[in-house]
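Enquirer: Provided below are the primary sequence and the corresponding predicted coordinates.
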Amino acid sequence: MQINELEKKLNYKFKNLDLLKISITHSSYKSKFLNEANYNYERLEFLGDRVLGLILADYFFNLYPNAREGELNHYYQNFANQNTLANYAQKIGLSNFIKIQKGDNLENNKSILSDIVESIIASIFIDSGFLNSKKFVIDEIINSSIAPRPKKHAKSILQEICLDRYKCLPKYSLINNGWFKEERIIAESLIAFKRAGCNGIITYFAPYIAKVINQVKE
């Protein structure tokens, strides 16, 4: 297939088309026109893996300002994995454009497909910088992915409500009453209600934090 068709599927127009050609060339591909040992996607894949990591970290860090490290890592792992990248590659029919030795079929080879997606990310990064590579990842991979869309953690939503409405963060306390094998978590949200000059305290158990959010919204 023509390389221009791939550009259309990627929704990105390259300034240096050679970058895209290298990013879809497997090391097994032999051509009398290709004598350079590094004319394959492997080096770009190395860079693309790091660029993708930075893009995802930056994106979720800013999207969820109150999320803790564990939550951010969960969102990150939803998209920085082989299945998500390979699913995107299969969606656009990337295997039809990959240059590889005759006889090989990469349609279901998730490892190579995901590697080449990362090499394409790197080629866009080199071609026009971080912002365009970030736009590509967000628009083409995150927003069109069949991976579960990350949802804001209930605690993050509560914190945002508190900051917006009451200009303060909820305070939490951990209590172990010895009744259960694992610690029982009780969170106390201390909110200064601006209703008739009264103060209110909402106490909730962590598993039912959504109920508290509904109370606060009322």
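Expert: Received the coordinates, thanks. Please read all numbers here as calculations on a predicted model, not as lab measurements. Residues are numbered from 1 along each chain as shown.
Enquirer: can you confirm residue 144 is in a helix?
Expert: No: using DSSP: H, G, I helix; E, B strand; the rest coil, the assignment for residue 144 is coil, not a helix.
Enquirer: now do the contacts for it.
Expert: 88, 91 (CB atoms under 8 Å, 6 or more residues apart in numbering). For every residue, glycine as well, the C-beta is placed using N, CA and C.
Enquirer: how near is it to residue 88?
Expert: Distance check for residue 144 against residue 88: by CB to CB, to the nearest Å, it reads 7 Å.
Enquirer: do residue 57 as well
Expert: From residue 57 to residue 88 the distance is 19 Å (CB to CB).
Enquirer: what about these two, which has more around it?
Expert: Neighbour count, other CB atoms under 10 Å: between residue 57 and residue 88, residue 88 has more, with 23 against 15.
Enquirer: quick one: contacts for residue 23?
Expert: Neighbouring residues of residue 23 by CB under 8 Å, 6+ apart: 41, 44, 116, 119-120, 122-123.
Enquirer: rerun that using 6 Å as the cut-off
Expert: 41, 44, 119-120, 123 (CB atoms under 6 Å, 6 or more residues apart in numbering).
Enquirer: closest to residue 10 out of those?
Expert: Closest approach to residue 10 among these (CB to CB): residue 120, at 6.8 Å.
Enquirer: ok, and the closest non-adjacent residue to the closest one?
Expert: In space, and not counting its chain neighbours, residue 120 is closest to residue 23: 4.9 Å by CB to CB, 6 or more residues apart in numbering.
Enquirer: could you pull up phi and psi at that neighbour?
Expert: Backbone torsions of residue 23, given as degrees, to the nearest 10, read phi -70, psi -20.
Enquirer: quick one: it from residue 134, how far?
Expert: 17 Å.
Enquirer: next: residue 17.
Expert: Taken as CB to CB, the span from residue 17 to residue 134 is 21 Å.
Enquirer: before we move on, what about residue 20?
Expert: Distance from residue 20 to residue 134, by CB to CB: 18 Å.
Enquirer: and if you look at residue 63?
Expert: Distance from residue 63 to residue 134, by CB to CB: 12 Å.
Enquirer: and for the nearest residue to residue 89 once chain neighbours are set aside, the neighbour number?
Expert: Distances taken as CB to CB, 6+ apart put residue 113 closest to residue 89, at 3.8 Å, once the chain neighbours are dropped. A count of nearby residues for residue 113, using other CB under 10 Å, gives 22.
Enquirer: which helix or strand contains residue 113?
Expert: For residue 113, the host element (DSSP states H and E) is helix 110-128.
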